[in-house]
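Colleague: this one's sequence-less:
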């Protein structure tokens, strides 16, 4: 299921839940039961086979020797037991370790005492381990014991940046919210649905990364059931978050819970808007990423100068509404659920004042982890640097290449007028090396003065304007959506985020209708591009010579390919997205294997996808007549072994 289809499904479910709340809850419960019952059905089927096997063997009088029959029976039962274990292992065993660094009571005695106290007060299952990770988040994850989905271990995951961002007084409220999800007060049935939903979502993410999961049953399950279940439980999941907030507020206190929610929201937003972009902007000039990034983040969260204008930002956050892809309710709904009247100016001023007073105070990490805080902060900083250094060097190399390309294009501009493609390339290169939002805004406006029809410039200008709370950015993004379909979904997401942030969810209706229409069109476009027939019309391709050269370089390493034709298919749906067909003639081979040919076709399509949306077909397997049609199209022959055609393409690109 694509992002467009998932977004469309969530929109439909939200509308259905609002109009038929009882039917929605019943359908959601049945859907989750279906997902939970499938492995149960497999196990029961195997269990019935294990029970019935002895009777079947006795009925058939299998084996004259009773000892031999018993041995055969035991072996059969053992085989069925192994199959049962494999079924569970293949389903739930893939979740693996929850990650992070496991803490011991000796490292953080205060933290373990607090966890034990809250667990006892909220009547929750025992926490098997407490783990630190580098997320700005906290969660309770459940893992099956011995790959059996009915007995779980509970793991508390705490993000060290979050613990360093929160004052120690709010730690109780943070833990109480997480424990509420698995507490008896959450409701046994709701907790069961919550656990099942989270487990299937994690299995889906694991299966998406594990290419070895080729079993047809699990493929259908992961591709259809899990996204469908996730979309249907979005609304229900948000209600669970509100229930957890209410339970945590009753346990820790309304003011502490409100302060905790505001602290997390404000510091997450400000760091995402100011701190991390400033870090990644350094890639233009620095070849190696900074080594103490999380220490820098901790200092950022304690700096009062970084949080000036907090009351204005909080006002924007309170106006925001829950977005389509948001798994948690918006801040205003969460504060209202714990009885905070944020429309009262005095209440708002008191919360902002408390937030500012808490900035220089001892953080939860400093109090509960003591000396181990600096140790783990250093470890996570090193891990972050090691994980990102490859990407960082790639981005730095791209920035250096962009600088070089800018110089080349500027020299060429002095002699002649740049083509539309080159001008767009110059614009994108300048965006790559621009470090500040002001420079990106100026670049986008200048590009539109020269080329008013540039969808890229309209999109980047719209994004920058919305980040400054300028409504004119909506018009710019609307123009980008109309000019090119590639910017439809991303523009809608930017508009949606801006309108919800400012409490203008009623203005979203026309854009949602546009997105629904676009999703329908995208579905038709995908089906149109996946099929090729003799009724299709083809025209000369319009790819630049340098891309044709790269395509020739890829296929030149395969000696079986003798010729390659490149054409463009004329499509009726999303016509602004080109569809190219690369037809390959293969050397005749009496040992030709259909599986090898299919693998070659799929791998070439995948390898060339970063250059252009190319569909690879093999001739004459497909049709000799189509090969003749391609050969008659102008400049369609781009590669021929032992022929100067591919060399000519290289010379043109040079």
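Modeller: All right, it came through fine. Keep in mind it's a predicted model, so treat the numbers as computed, not measured.

Colleague: where does the stretch 101-250 of the chain dip in pLDDT?
Modeller: Low-confidence segments of the stretch 101-250 of the chain, defined by pLDDT under 70, are located at 144-151, 184-223.

Colleague: tell me where it has helices.
Modeller: When secondary structure is read from DSSP state H, counting those that start in this stretch, the stretch 101-250 of the chain shows helices at 109-122, 160-165, 171-180, 188-209, 216-220, 226-232, 234-252.

Colleague: distance from the first one to the middle of the chain?
Modeller: Using Cα atoms, centre = their mean, to the nearest Å, the mean C-alpha position of helix 109-122 is found 33 Å from that of the whole chain.

Colleague: can you give the contact residues for it?
Modeller: If you take Cβ atoms under 8 Å, 6 or more residues apart in numbering as the criterion, helix 109-122 is touched by 103, 105, 126-127, 130, 156, 171-172, 175-176, 179-180, 183, 185, 247, 251, 367-370. (C-beta placed from N, C-alpha, C; glycine too.)

Colleague: how about 6 Å then?
Modeller: Under the contact criterion Cβ atoms under 6 Å, 6 or more residues apart in numbering, helix 109-122 has outside partners 105, 127, 175, 176, 179, 183, 368.

Colleague: next, count neighbours for the second one.
Modeller: The burial metric for residue 127, expressed as a neighbour count using other Cβ atoms under 10 Å, is 20.

Colleague: same question, the fourth one
Modeller: One way to gauge burial is a neighbour count; for residue 176, by other Cβ under 10 Å, it gives 25.

Colleague: verify the stated contact: residue 157 with residue 139.
Modeller: Yes: because the distance of 4.8 Å satisfies Cβ atoms under 6 Å, residue 157 is recorded as touching residue 139.

Colleague: who's more crowded, those two?
Modeller: The neighbour comparison of residue 157 against residue 139 (other Cβ under 10 Å) goes to residue 157, with 19 against 16.

Colleague: is that one bridged to anything, and to what?
Modeller: The partner list for residue 157 in beta bridges (DSSP bridges) reads residue 131, residue 139.

Colleague: tell me the contacts of it?
Modeller: For residue 157, the contact set (Cβ under 6 Å, 6+ apart) comprises 100, 131, 133, 139, 141.

Colleague: mind checking how far it is from residue 46?
Modeller: From residue 157 over to residue 46 the distance is 34 Å, taken as Cβ to Cβ, to the nearest Å.

Colleague: thinking again about what came up before, now the two most distant members of the contacts of helix 109-122.
Modeller: Pairwise distances across the contacts of helix 109-122 (Cβ to Cβ) peak at 22.4 Å, for the pair 105 and 183.

Colleague: who has more neighbours, those two?
Modeller: When neighbours are counted by other Cβ under 10 Å, residue 183 comes out ahead of the other of residue 105 and residue 183, with 22 against 12.

Colleague: shouldn't the more buried one be in contact with residue 140?
Modeller: No: using Cβ under 6 Å as the test, residue 183 is too far from residue 140 to be in contact (10.1 Å).

Colleague: for residue 284, see how far away residue 430 is.
Modeller: Here residue 430 is placed at a distance of 12 Å from residue 284 (Cβ to Cβ).

Colleague: list the buried residues of stretch 492-507.
Modeller: Neighbour-count burial for stretch 492-507, with 16 or more other Cβ atoms under 10 Å as criterion, is recorded at 492, 493, 494, 495, 496, 498, 499, 500, 501, 502, 503, 505.

Colleague: report the buried residues of stretch 542-553.
Modeller: Going by neighbour count (16+ other Cβ under 10 Å), the buried part of stretch 542-553 is 543, 547, 548, 549, 550, 551, 552.

Colleague: would you state the strands of the stretch 251-400 of the chain in chain order?
Modeller: Secondary structure of the stretch 251-400 of the chain (DSSP state E, counting those that start in this stretch): no strands located.

Colleague: could you point out which residue ranges in it have low pLDDT?
Modeller: Ranges of the stretch 251-400 of the chain meeting pLDDT under 70: 323-325.

Colleague: quick one, helices of it?
Modeller: For the stretch 251-400 of the chain, the helices defined by DSSP H, counting those that start in this stretch cover 254-270, 276-281, 293-302, 310-319, 331-337, 345-358, 364-368, 372-415.

Colleague: output those helices in JSON lines, with distance to residue 561 and mean neighbour count appended to each entry.
Modeller: As requested, those are exported to JSON lines (distance: least, Cβ to Cβ, whole Å; neighbours: other Cβ atoms under 10 Å):
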{"stretch": "helix 254-270", "distance to residue 561": "51", "mean neighbour count": "21"}
{"stretch": "helix 276-281", "distance to residue 561": "41", "mean neighbour count": "14"}
{"stretch": "helix 293-302", "distance to residue 561": "47", "mean neighbour count": "19"}
{"stretch": "helix 310-319", "distance to residue 561": "57", "mean neighbour count": "17"}
{"stretch": "helix 331-337", "distance to residue 561": "58", "mean neighbour count": "21"}
{"stretch": "helix 345-358", "distance to residue 561": "64", "mean neighbour count": "15"}
{"stretch": "helix 364-368", "distance to residue 561": "59", "mean neighbour count": "22"}
{"stretch": "helix 372-415", "distance to residue 561": "30", "mean neighbour count": "15"}
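
Colleague: closest one to residue 574 among the ones you listed?
Modeller: Residue 574 sits nearest to helix 372-415 of all these, at 28.5 Å, using Cβ to Cβ.

Colleague: helix or strand right after the closest one?
Modeller: helix 420-433 (DSSP states H and E).

Colleague: check which residues of that following helix are buried.
Modeller: Of the residues in helix 420-433, those with enough neighbours to count as buried (16+ other Cβ under 10 Å) are 422, 423, 424, 425, 426, 427, 428, 429, 430, 431, 432, 433.

Colleague: name the next helix or strand following that helix along the chain.
Modeller: The helix or strand immediately downstream of helix 420-433 is helix 437-450, counting by DSSP H and E.

Colleague: what angle sits between that next one and helix 420-433?
Modeller: Going by axes from the mean of the first three to the mean of the last three Cα atoms, to 10 degrees, helix 437-450 is angled at 170 degrees with respect to helix 420-433.

Colleague: next secondary structure element downstream of helix 437-450?
Modeller: According to DSSP H and E, the helix or strand after helix 437-450 is helix 455-467.

Colleague: what is the very next helix or strand once past that following helix packed up against?
Modeller: Per DSSP H and E, the first helix or strand lying C-terminal to helix 455-467 is helix 472-483. With contacts defined as 3 or more Cβ pairs under 6 Å, 6 or more residues apart in numbering; DSSP states H and E, the secondary structure elements packing on helix 472-483 are helix 455-467, helix 488-501.

Colleague: just put the buried residues of stretch 492-507 in CSV and tack on distance to residue 569 and pLDDT.
Modeller: Shown next, in CSV, are those (distance: Cβ to Cβ, whole Å; pLDDT from 0 to 100):
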residue, distance to residue 569, pLDDT
492, 27, 84
493, 29, 82
494, 31, 86
495, 32, 86
496, 33, 81
498, 37, 81
499, 38, 81
500, 39, 72
501, 41, 70
502, 43, 72
503, 46, 66
505, 40, 68
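
Colleague: closest to residue 464 among these?
Modeller: Within the buried residues of stretch 492-507, proximity to residue 464 (Cβ to Cβ) peaks at residue 494, which comes in at 10.4 Å.

Colleague: wait, what's in contact with the closest one?
Modeller: Applying Cβ under 6 Å, 6+ apart, one finds that residue 494 lies in contact with 463, 466, 477.

Colleague: swap in 8 Å and give it another go.
Modeller: The contact partners of residue 494, by Cβ under 8 Å, 6+ apart, come to 462, 463, 466, 473, 477.
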